[in-house]
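Asks: Quick one: sequence and predicted model below, then my questions.
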Amino acid sequence: MATVTERIQRGVPTFSVEFFPPKNDEGEATLWRTIRDLEPLDPAFVSVTYGAGGSSRDRTIRTTGRIATDTTLTAMAHLTAVDASLEDLRQVIGSYLAAGISNVLAIRGDPPGDKDADWVPHPAGLSYTEELVHMVRRLGDFCVGVAAFPYLHPRSVDEDTDTRYFIQKVKAGAEFAITQMFYDADQFLRMRDRIAAAGCEIPIMPGLMPVTTPRSAERGADFSGAPLPAAMLERLEPLAEDATGYREAGIDLCVELSQRMFDEGVENIHYISMNRSPAVVDVVQRLGIAARPGS
């Protein structure tokens, strides 16, 4: 399987898509319809998230493995250290190897139940993402990515601290990063500039989610950890009772933000799909970064 870094460095703008493992048969059917809709558009890679404490571990392994074997897509699995012993992590990493998965996003993860709660490491586990990155690299021939935070990691006291911890993850073996979801281009660019100024220039991919309903706007603000920009709300809020208009405005905003990212030298944008394809398909087709079906 190609690595994520190989797939995003093709000299043209690319996109990737994030899924979460389905919770039931209906969710699995929805996910696979989405995967089949997106496959002809040739995303650089697709990723599958991983619940805290292994709550979706088996489904993540199974889903990512099936993508790797049953589709033409490059698959990446998430891996978190939350509530996991070293032995638990070794087993998951071994399962990824056995499933033919060579791309992993290593993240420490949020405490289960309350992402704002104090971080408590497993007594037989790891405390820092850099330790997890080192472990994954040591146990297999993986291409490893990590998270980046345009609004700072919730537990970083300032930008210098945030930058220092990010660089430690890179020194441990990370080859690329995907940001926490954001909607403010300037926040991303300031983060990228300070990391580059510290001598670190690995690819950092924006994590974006098209806002198509008022509910998805609330979810986006929660996922990003910051309120939606005022200019974005000014365009969306007057359309709260107009479902079609709201969706069109949300797609417009995502296309505009995506184009700004490409204009600023970004190689790949990572779209959070919520396991549904229409909004992502609309965005990438309007941007002209999707392969033509059948090509």
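Replies: Here it is on my side, so go on.

Asks: Please count neighbours and contacts with C-alpha atoms only from this point.
Replies: OK.

Asks: In this model Leu152 seems to touch Asp162, though I could be wrong.
Replies: Yes - taking C-alpha atoms under 8 Å as the contact criterion, Asp162 and Leu152 are neighbours in contact, 6.3 Å apart.

Asks: higher neighbour count, those two?
Replies: Just comparing Asp162 and Leu152: by other C-alpha atoms under 10 Å the higher neighbour count belongs to Asp162, 22 against 19.

Asks: Can I take it that that one is in a strand?
Replies: No - the assignment for Asp162, made by DSSP: H, G, I helix; E, B strand; the rest coil, is helix rather than a strand.

Asks: show me the residues around it that make contact.
Replies: Leu152, His153, Ser156 (C-alpha atoms under 8 Å, 6 or more residues apart in numbering).

Asks: Next secondary structure after the helix or strand encompassing Glu26?
Replies: In the assignment (DSSP states H and E), Glu26 maps to helix 25-38. Counting by DSSP H and E, the next helix or strand C-terminal to helix 25-38 is strand 46-48.

Asks: other SSEs contacting that following strand?
Replies: Counting contacts by 3 or more C-alpha pairs under 8 Å, 6 or more residues apart in numbering; DSSP states H and E, strand 46-48 is packed against strand 14-19, helix 57-70, strand 75-80.

Asks: Just the CA coordinates for the longest helix seen in the chain, please, in CSV.
Replies: As far as residue count goes, and with DSSP state H defining each element, the longest helix of the chain is helix 243-263. Output for helix 243-263, consisting of C-alpha atoms alone and laid out as CSV, is shown next (Å, rounded to 0.1, in the frame of the first residue of the first chain):
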residue,chain,number,x,y,z
ALA,A,243,-32.5,24.2,4.4
THR,A,244,-31.5,24.4,0.7
GLY,A,245,-30.0,27.9,1.0
TYR,A,246,-28.2,27.0,4.2
ARG,A,247,-26.6,24.0,2.6
GLU,A,248,-25.5,25.9,-0.5
ALA,A,249,-24.0,28.7,1.7
GLY,A,250,-22.2,26.1,3.8
ILE,A,251,-20.7,24.4,0.6
ASP,A,252,-19.7,27.8,-0.7
LEU,A,253,-17.9,28.6,2.6
CYS,A,254,-16.0,25.3,2.6
VAL,A,255,-15.0,25.7,-1.1
GLU,A,256,-13.7,29.2,-0.3
LEU,A,257,-11.7,28.1,2.7
SER,A,258,-10.4,25.1,0.8
GLN,A,259,-9.2,27.3,-2.1
ARG,A,260,-7.5,29.6,0.4
MET,A,261,-5.6,26.7,1.8
PHE,A,262,-4.5,25.6,-1.7
ASP,A,263,-3.5,29.1,-2.6
